[in-house]
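>>> below are the sequence and a predicted model for it; my questions follow.
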Amino acid sequence: MSRLAAFFPDYQAASVYDLAPEWFRERGFRGLILDIDNTLVSPNAPADEAARAWTRRLKEAGLALAVLSNNSRQRAESFAAALDCSFVAEAGKPRPEGFMRAMEMLGTDRQSTLAIGDQLLTDVYGAHRAGLKCLLVDALDPAREQPFVRVKRLLEKPIRRAYGKAKQNKEKNS
Ligand SMILES: [Mg+2]
């Protein structure tokens, strides 16, 4: 197993909006911990109709939702209010504590909780440190990323290459 495996996502999708509530339920997930910026909306954009409609469908299907963001309290709080879900702000991802706190809010356990985000070094690695599975999505609007995030994208490149190779090998051997 690659020593980078802690950064490899358990699932991958182009966008969360491609996934129906059943996709999560069929895999045993009852609680979702959602990154905000570049996962649900463009960086620092307010909750839009796509985010509202998608989260409404999930909640109607019985899934519990919390947003977990390294962004400010004001940002996470107003976003969570628009979606009517719990939040953890200034989460310090990839530290595991924020994930644990969000999971407590959801009332779920490690097996029934899925983390979702767009970054390998914070969302995926942090979820794994907390013992959670993680779904990686493509960044919605990478052009609007902060310089600090762009540096992390450069660091992601060799990991994405290694992940691609590991996936190919798995497919070959199965
Ligand atoms: Mg993000």
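Received, thanks. Residues are numbered from 1 along each chain as shown.
>>> element containing residue 163?
Using DSSP states H and E, residue 163 sits in helix 147-173.
>>> next, the buried residues of that helix.
Buried residues in helix 147-173, counted by 16 or more other C-beta atoms under 10 Å: 149, 156, 159, 162, 163. (C-beta placed from N, C-alpha, C; glycine too.)
>>> near the ion, from those residues?
Counting by C-beta under 5 Å from the ion, the subset of the buried residues of helix 147-173 that neighbours the ion is empty.
>>> max pairwise distance over the residues you listed: which two?
Distance extremes for the buried residues of helix 147-173: the farthest pair is 149 and 162 at 20.5 Å, using C-beta to C-beta.
>>> quick check: which ranges of the chain have low pLDDT?
Across the chain, the ranges flagged by pLDDT under 70 are 1.
>>> residues of it that sit close to the ion?
Counting by C-beta under 5 Å from the ion, the positions of the chain adjacent to the ion are 35, 37, 38, 118.
>>> any chance of those residues in a markdown table, with distance to residue 7, neighbour count and secondary structure too?
Shown next, in a markdown table, are these (distance: C-beta to C-beta, whole Å; neighbours: other C-beta atoms under 10 Å; DSSP: H, G, I helix; E, B strand; the rest coil):
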| residue | distance to residue 7 | neighbour count | secondary structure |
| --- | --- | --- | --- |
| 35 | 15 | 26 | coil |
| 37 | 19 | 26 | strand |
| 38 | 17 | 23 | coil |
| 118 | 13 | 24 | coil |
